[in-house]
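Novice: this is a predicted model, with the sequence first.
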Amino acid sequence: MTEKKANNADEGIPWLQEYSRVASIKWQDSDNVHISHVRNFNYSAEVHPIQDWYDCQLKVSDVIAVDLVLSYWSGNAIAHVFLSFGLKNGQWLAISIETRRRQNQSWSAFGGFFKNYPLVYVVADERDLIGVRVNVRKERVYLYPLNITLQQSQDLLRSYLLRIEKVNQHPEWYNTLLNNCTSNIFHHGKSVSSAVKYDWRILVSGYADQYCYKNKLLENSLPFEDLKRRSRIIHSDVPTIGQTYSMDIRRNRRVV
């Protein structure tokens, strides 16, 4: 995956700075793809982060792994859920389905039932999407390798990229119940694996890892409680968001 700076920004609407640009997709052929506006903010502090975006070129066939990320900011029932895609060269590309909010527009789960927030697929460096949650916000973040085939991993990324194209061409509204981070991941997963089946946990995002465990989409050699403890990213283990962050958060998984 090669990088270069992205220069274009959306004009006219005062988006929050982290949503001021959206990822766009350009296919060179069925395997090679150019992604513009990969976000890589430096959140040494959550307020006024250093803004940065880059473009990348990758091959879908270079995807060798997919990780499931759950980030909890309060209780256990609700979490933000997203995926990260591992490439042959050791780099990881995270994709998070979120609400695209304007400046001074706060997030509200109730407000998400109405047409308040455009749906956006944020394509970002893990130092951004995971780093801000673990190192800055101090959320409880869990990182699980998905138990899917190489072909399913690649098909999953392709499904995401095609969906990004579709949403860019035909904007959609986020919906707290029907069109959110977890429901979209479910539809992507269902398109590539018969193991993805409807379950009540789809509606309660904090239990997405239990859902995946039940359907053997996660490692099943350990009891779920042990797997979850081992999969938590501990801030003290990875105190610095550096160039090796993706490797660090995987090397330091432990039972706590």
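Specialist: All right, it came through fine.

Novice: just checking, what packs against the lengthiest helix in the chain?
Specialist: Counting residues, the longest helix found in the chain (DSSP state H) is helix 150-169. In terms of contacts (3 or more Cβ pairs under 8 Å, 6 or more residues apart in numbering; DSSP states H and E), helix 150-169 is packed against strand 24-27, strand 63-72, strand 80-87, strand 119-125, helix 181-192. From N, CA and C alone the C-beta is placed, and that goes for glycine too.

Novice: and with 10 Å instead?
Specialist: strand 24-27, strand 32-39, strand 53-59, strand 63-72, strand 80-87, strand 92-99, strand 119-125, helix 181-192 (3 or more Cβ pairs under 10 Å, 6 or more residues apart in numbering; DSSP states H and E).

Novice: does anything pack onto the shortest one? Which helices or strands?
Specialist: Meaning strand 24-27. strand 32-39, strand 53-59, strand 119-125, helix 150-169.

Novice: Ala208: which of the ones you listed is closest?
Specialist: Of all the helices and strands packed on strand 24-27, helix 150-169 sits nearest to Ala208, with 15.1 Å by Cβ to Cβ.

Novice: thinking again about what came up before, weakest of the helices and strands packed on helix 150-169 by average pLDDT?
Specialist: Lowest mean pLDDT of the helices and strands packed on helix 150-169: helix 181-192, a mean of 88.

Novice: next, the buried residues of the next helix or strand after it.
Specialist: Using DSSP states H and E, the helix or strand that follows helix 181-192 in sequence is helix 208-214. By neighbour count on 16 or more other Cβ atoms under 10 Å, the buried set for helix 208-214 is Ala208, Asp209, Tyr211, Cys212, Tyr213.

Novice: can you add distance to Gln51 and give those back as CSV?
Specialist: Output for the buried residues of helix 208-214, formatted as CSV (distance: Cβ to Cβ, whole Å):
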residue, distance to Gln51
Ala208, 30
Asp209, 32
Tyr211, 35
Cys212, 33
Tyr213, 37
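
Novice: ok so, going back, quick check: angle from the longest helix of the chain to strand 80-87?
Specialist: 120 degrees (axes from the mean of the first three to the mean of the last three Cα atoms, to 10 degrees).

Novice: okay, buried residues for helix 150-169 please.
Specialist: Buried-residue list, helix 150-169, by 16+ other Cβ under 10 Å: 152-161, 163-165, 167.

Novice: again with stretch 215-230
Specialist: Applying 16+ other Cβ under 10 Å to stretch 215-230 flags Asn215, Leu217, Leu218, Glu219, Leu227, Lys228 as buried.

Novice: quick one: the third one and Tyr121, what's the gap?
Specialist: Noted for Leu218: a distance of 23 Å to Tyr121, by Cβ to Cβ, to the nearest Å.

Novice: now Leu143: how far from His34?
Specialist: 27 Å.

Novice: and the two? Which one has more around it.
Specialist: Leu143 (19 against 14; other Cβ atoms under 10 Å).

Novice: these two touch, right, the more buried one and Arg250?
Specialist: Yes: assessed by Cβ atoms under 10 Å, Leu143 is found in contact with Arg250 at 7.1 Å.

Novice: so for these two, which residues contact both of them?
Specialist: Residues touching both Leu143 and Arg250 by Cβ atoms under 10 Å, 6 or more residues apart in numbering: Asp67, Glu126, Ile233.

Novice: how far does stretch 12-32 stretch from one end to the other?
Specialist: 32 Å (Cα to Cα, to the nearest Å).

Novice: flag every buried residue along it.
Specialist: Applying a neighbour-count criterion of 16+ other Cβ under 10 Å, one finds Trp15, Glu18, Tyr19, Ser20, Arg21, Val22, Ala23, Ser24, Ile25 buried in stretch 12-32.

Novice: dump the C-alpha coordinates for stretch 52-60 into CSV.
Specialist: Extracted as CSV, the C-alpha positions of stretch 52-60 are listed here (Å, rounded to 0.1, in the frame of the first residue of the first chain):
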residue,chain,number,x,y,z
ASP,A,52,-3.9,14.4,7.9
TRP,A,53,-5.2,12.4,5.0
TYR,A,54,-3.4,10.3,2.4
ASP,A,55,-4.2,8.3,-0.7
CYS,A,56,-3.3,4.6,-1.1
GLN,A,57,-3.1,2.1,-3.8
LEU,A,58,-3.7,-1.6,-3.0
LYS,A,59,-4.7,-4.9,-4.4
VAL,A,60,-7.8,-6.6,-3.0
